[in-house]
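Asks: Quick check, what structure comes out for this input:
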Amino acid sequence: MDTTALARSLLEPIPANRTAGVEVLRAADGAAEVAATVPAALTNVIGSLHASGLAALADAAGLAAVIAACTGPSDFTGVVPLGASATLRFLAPARGRLTATCVLDAAARAALAELFASRTDRARLTTTAVITDESGTTVCEGTFDWRVRRT
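Replies: Reported below is the predicted structural model:
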């Protein structure tokens, strides 16, 4: 199911995502793509996107993929995803327009299916986002461990 509109409505208003200029491009079938053009205010000493901006992109891509596992907007009602830990691997300077993609693995999809079907009130999963620049060079890989619960 295409949950792009739902992901946009939930993720783009978040202050860190607004600051980084995060846009949800696609969220469907457990996969997501988000993008941002590096804002000058978030660059580091070499003019590359600061680590905090890369973390925001990886976080948004992972959350958009989680939302993309929904079968409908009501699946996400009362769902609270919290990051438990994160790892970032910086591979190249992150400049210009960046795109982060995340595809949920089978274990994550299964855990979320149980949560969204209300057969459990908690799920644990890991997402990995690959962030590339306009030339297709991978600039960062971000892995998040999530604790997702329904309130």
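
Asks: Okay, buried residues for the lowest-mean-pLDDT helix or strand in the chain please.
Replies: Every helix and strand of the chain was ranked by mean pLDDT, DSSP states H and E. The lowest is helix 15-20, at a mean of 92. Residues Asn17, Ala20 are the ones in helix 15-20 that count as buried (16 or more other CB atoms under 10 Å). Placement of C-beta: from N, CA and C, glycine included.

Asks: next helix or strand past that helix?
Replies: Downstream of helix 15-20, the next assigned helix or strand under DSSP states H and E is strand 23-28.

Asks: Report the next helix or strand after that following strand in sequence order.
Replies: strand 31-37.

Asks: Could you name the helices and strands sitting against that next one?
Replies: Under the contact definition 3 or more CB pairs under 8 Å, 6 or more residues apart in numbering; DSSP states H and E, strand 31-37 sits against strand 23-28, helix 51-67, strand 97-103.

Asks: May I see the buried residues of the helix or strand following the second one?
Replies: Sequence-wise, the next helix or strand downstream of helix 51-67 (DSSP H and E) is strand 79-90. The neighbour-count check on strand 79-90 (16+ other CB under 10 Å) flags Val79, Pro81, Leu88 as buried.
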